[in-house]
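K.L.:
Here's a sequence, model it:
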Amino acid sequence: MSERLIVIGGGGAGTAAATIAKRCNPDLRVTLFSEFPDIAYSPCGIPYAHGREIPEFQSLFLSTVRRYVEDGLDMRMETTITDVDLSRRTVTARNKHEGFDKLILCTGFVWEQPDVPGANLEGLHYVKDIRRAIEFDKELDQMRRAVVIGGMWLGVEMAGALARRGLDVQFIDEGPWLLSELVDPDVAEPAQEALEKLGVNVRMGTRLLGFEGSGDRVRAVSTSAGELECDVAVICLHKLPNTSLAATLGLELGTLGGVVVDDHMRSSASGVWAAGDVIEVPHGLSMLPITGLTGSHAYAQGRTAGANAAGEDRTYDPVWIPWGFMSGDYTIGGFSIGETLAEAMGIHYVVAKGVGVSRARYFPGAARTHVKLLAEPGTLRLIGGQLHGGEGIKERCDFLAFVAKRGATLEDLAWMENIYSPPIGALYEPIAIAAQNGLAEQQSRARQKVPA
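P.N.:
Okay, the predicted model is just below:
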């Protein structure tokens, strides 16, 4: 009989792992277990459905359980794995033991819970499960006031979405500026202005002290800036690897609490792979571990794990983390590190800045594009960057992460080729403008013998 692979988890990593494993080895028997009833939907789109930019939640469903079954997968929905015995190669679900030859863990993440009084009240909402989101959406029309807590970009997206929905929204975070764990202050400033333009009251440097209730339901959020009345509190703190099952298996966990894997997504146990938010992977520049990446990272990790479990030889490289999102109607993004993180990590750098336009200046829709690049002193090798403006931020961040991974320098970018077509691209590429400015600055410093 052919080998059997069991995948635990039905998110982006799990579905990718199961699908690619079956595709690489059609003889492999693949079973996927998920505790949820739904498969293949986009949780990242939930804020935009709340804000009615996406007219209905049904648009977030990308496939069906039936489609996966038709592709040859054994789908076990609403089925929780309660035990795994690695020595006997069995899993237990619904009091039934089932054997396996290979196992992939894709158990995702759990939200950090605020350790404050009142954290068990009703009316505290976490964004994750689409069915809960649909029920929450039905309640929004009866709500007037919301407090969004936490500086993750999901919090920014939810604050904007609820403001578009007509709620009075307060956004609080302990950081000195918006998304201060990730974004530099010069990039955060226009992002905060865009959020405020939607009507969101942004309160930075504000600490959560607790939740006040009326009966069992939250009625206010207690903060260092005073009490904020609300009908709902949306909590968007840090994502934490969901390693409860991995820990019981004795898998090695890293310094950030995620499952440690190698470049093939293999865990410390033979025949066991892991992928997605449950793992930690090395940063491409520092090689330090990192968790809590995007859905695209989870999908790629799942593909890698699935291919290798099916007998392929695929590697997953350290990540240079292109990222980006909308704050109101404004786009910000970046890759690797910015100035704030570089300084915190003790990494020396030089800066190259420039401002261009997304398409020909005279063409309708042209938007200013701000580019800041970080480079290694001396070699001018690209090590990070942050961008903000209108269209094209996403594509530029993807490109910069890709070329940085391959050792590109400011010199390379200053002389890069680019498309010039008035509706889609300007004559002078904003990335090249920034690189040219950076080179000119370094040449000027060299002539004056000023340290970088």
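K.L.:
pLDDT wise, what is V450 at?
P.N.:
Looking at V450, its pLDDT reads 66.
K.L.:
tell me the secondary structure for the closest residue to E56 other than its chain neighbours?
P.N.:
Distance criterion C-beta to C-beta, 6 or more residues apart in numbering; nearest residue to E56, sequence neighbours excluded, is A49 at 7.1 Å. Just so you know, the C-beta spots here come from the backbone N, C-alpha and C atoms, and that holds for glycine as well. At A49, secondary structure determined by DSSP: H, G, I helix; E, B strand; the rest coil is helix.
K.L.:
Is A49 in contact with S59, as I believe?
P.N.:
Yes - contact status for A49 versus S59: in contact at 7.4 Å, counting by C-beta atoms under 8 Å.
K.L.:
Which one's more surrounded, the two?
P.N.:
A49 (21 against 13; other C-beta atoms under 10 Å).
K.L.:
and that one, what does it touch?
P.N.:
Listed by C-beta atoms under 8 Å, 6 or more residues apart in numbering, the contact set of A49 reads 56-57, 59-60, 133, 137.
K.L.:
Which single one of those is nearest to N242?
P.N.:
Among the contacts of A49, A133 lies closest to N242 (C-beta to C-beta), at 18.5 Å.
K.L.:
Helix or strand: which one has the closest one?
P.N.:
For A133, the element it lies in under DSSP states H and E is helix 130-140.
K.L.:
which regions of the stretch 351-452 of the chain lie under the pLDDT threshold?
P.N.:
450-452 (pLDDT under 70).
K.L.:
What ranges does it have for its helices?
P.N.:
Assigned by DSSP state H, counting those that start in this stretch, the helices in the stretch 351-452 of the chain fall at 393-405, 410-414, 430-448.
K.L.:
The chain too?
P.N.:
Taking DSSP state H, the helices of the chain run over residues 12-24, 46-50, 65-70, 130-140, 153-164, 185-197, 244-248, 295-309, 339-345, 393-405, 410-414, 430-448.
K.L.:
Mind checking those for the one nearest to L208?
P.N.:
helix 153-164 (12.1 Å).
K.L.:
list the helices and strands that closest one packs on?
P.N.:
Helix 153-164 sits against helix 46-50, strand 145-149, strand 168-173, helix 185-197, strand 232-235, strand 323-327, with contacts defined as 3 or more C-beta pairs under 8 Å, 6 or more residues apart in numbering; DSSP states H and E.
K.L.:
buried ones in it?
P.N.:
For helix 153-164, the neighbour count (16 or more other C-beta atoms under 10 Å) marks 153-164 as buried.
K.L.:
Need the residues that contact it.
P.N.:
Residues outside helix 153-164 that contact it (C-beta under 8 Å, 6+ apart) are 47-48, 50-53, 127, 140, 146, 148-149, 169, 171, 173, 178-179, 182, 191, 195, 198-200, 202, 234, 236, 323, 325-328.
K.L.:
what about 7 Å?
P.N.:
With contacts defined as C-beta atoms under 7 Å, 6 or more residues apart in numbering, helix 153-164 is touched by 47-48, 50-52, 127, 146, 148, 169, 171, 179, 195, 198-200, 234, 236, 325-328.
K.L.:
what do you get for stretch 321-339?
P.N.:
Looking at what lies outside stretch 321-339 - C-beta under 7 Å, 6+ apart - the contacts are 153, 156-157, 160, 183-184, 187, 190-191, 194-195, 197-198, 284-285, 293-294, 320, 374, 383-390, 393-394, 397-398, 400-401, 404.
K.L.:
Which of the helices of the chain sits closest to V84?
P.N.:
Per C-beta to C-beta, nearest to V84 of the helices of the chain: helix 244-248, 6.8 Å.
K.L.:
and that closest one, how far from the chain's centre?
P.N.:
Distance, stretch centre to chain centre, for helix 244-248: 23 Å (C-alpha atoms, centre = their mean, to the nearest Å).
K.L.:
contact partners of it?
P.N.:
81, 84, 105, 107, 253, 259, 274, 278.
K.L.:
circling back: show me what the helix holding A133 is packed up against.
P.N.:
Secondary-structure packing of helix 130-140 (3 or more C-beta pairs under 7 Å, 6 or more residues apart in numbering; DSSP states H and E): helix 46-50.
K.L.:
Now the helix it packs on: buried residues?
P.N.:
For helix 46-50, a neighbour-count test (16+ other C-beta under 10 Å) marks 46-50 as buried.
K.L.:
Which of the residues you listed sits closest to A426?
P.N.:
Nearest to A426 among the buried residues of helix 46-50: Y48, at 28.4 Å, using C-beta to C-beta.
K.L.:
And for the spatially closest residue to that closest one that is not a sequence neighbour, the neighbour number?
P.N.:
In space, and not counting its chain neighbours, Y48 is closest to I54: 4.7 Å by C-beta to C-beta, 6+ apart. Using other C-beta under 10 Å, I54 has 17 neighbouring residues.
K.L.:
Quick check: the residue nearest to the spatial centre of the chain vs G276, distance?
P.N.:
Taking C-alpha atoms, centre = their mean as the criterion, T294 is the residue nearest the geometric centre of the chain, at 2.9 Å. Using C-beta to C-beta, to the nearest Å, T294 is found at 11 Å from G276.
K.L.:
Could you do L105 as well?
P.N.:
Separation of L105 from G276 (C-beta to C-beta) stands at 9 Å.
K.L.:
Now the common contact residues for these two.
P.N.:
G9.
K.L.:
Leaving out sequence neighbours, find the closest residue to M143.
P.N.:
Nearest residue to M143, sequence neighbours excluded (C-beta to C-beta, 6+ apart): D231, at 4.0 Å.
K.L.:
Can you give the domain ranges for this structure?
P.N.:
The chain breaks down into these domains under automatic domain parsing: 4-109+239-309, 124-235, 329-447.
K.L.:
Could you export those to JSON lines, including columns for distance to P117?
P.N.:
Formatted as JSON lines, these follow (distance: least, C-beta to C-beta, whole Å):
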{"stretch": "domain 4-109+239-309", "distance to P117": "21"}
{"stretch": "domain 124-235", "distance to P117": "4"}
{"stretch": "domain 329-447", "distance to P117": "31"}
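K.L.:
Please identify which of those is closest to V116.
P.N.:
Closest to V116 of the domains of the chain is domain 124-235 (C-beta to C-beta; 4.3 Å).
K.L.:
and the closest one, what's its mean pLDDT?
P.N.:
Confidence over domain 124-235, taken as the mean pLDDT, stands at 96.
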